[in-house]
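**Student:** only the shape, not the letters, is given here:
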């Protein structure tokens, strides 16, 4: 009787199996930005996408939101924030 989990229909894991030393070396190389022998690391496409998504969006997000709000809306938001801060302080 065939076990349903081992009948060849399960997808194989991607990538090679690596030991802790290989993983540790990769971490060190990525931290210093080059291979242990001094050659530069090759950039992966997903590294660029991850870096750009968080950094670019974070740098302009607050300013872009403030530019879209009217002066009255900004004032209301600031007043709500101030009330919330004072309410927290009085509960201590």
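**Tutor:** Great, that's in hand. The shown structure was predicted, so the numbers you read here are calculated from the model rather than taken from an experiment. Numbering: from 1, shown residues only.

**Student:** how about residue 74, what does it touch?
**Tutor:** Counting by C-beta atoms under 8 Å, 6 or more residues apart in numbering, residue 74 makes contact with residue 66. The way it works is simple: take the backbone N, C-alpha and C, and place the C-beta from them, glycine included.

**Student:** before we move on, which element is it in?
**Tutor:** helix 71-91 (DSSP states H and E).

**Student:** any buried residues in that helix, and which?
**Tutor:** Neighbour counts over helix 71-91 (16 or more other C-beta atoms under 10 Å) mark no residue as buried.

**Student:** mind checking the pLDDT average for that helix?
**Tutor:** Averaging pLDDT along helix 71-91 gives 87.

**Student:** neighbouring contacts of stretch 61-68?
**Tutor:** With C-beta under 8 Å, 6+ apart, stretch 61-68 has contacts from residue 74.

**Student:** when you give positions from now on, start the count at 5
**Tutor:** Got it, the first residue is 5 from now on, which makes the last one we talked about stretch 65-72.

**Student:** quick one: average confidence on that stretch?
**Tutor:** Stretch 65-72 comes out at a mean pLDDT of 82.

**Student:** any figure for the gap between residue 66 and residue 73?
**Tutor:** For residue 66, the distance to residue 73 equals 11 Å [C-beta to C-beta, to the nearest Å].

**Student:** now do residue 80
**Tutor:** When distance is defined by C-beta to C-beta, residue 80 is 9 Å away from residue 73.

**Student:** again, but for residue 42
**Tutor:** Using C-beta to C-beta, residue 42 is found at 51 Å from residue 73.

**Student:** out of the two, which sits in the more crowded spot?
**Tutor:** Each of residue 42 and residue 73 has its neighbours counted (other C-beta atoms under 10 Å); residue 73 has more, 12 against 7.
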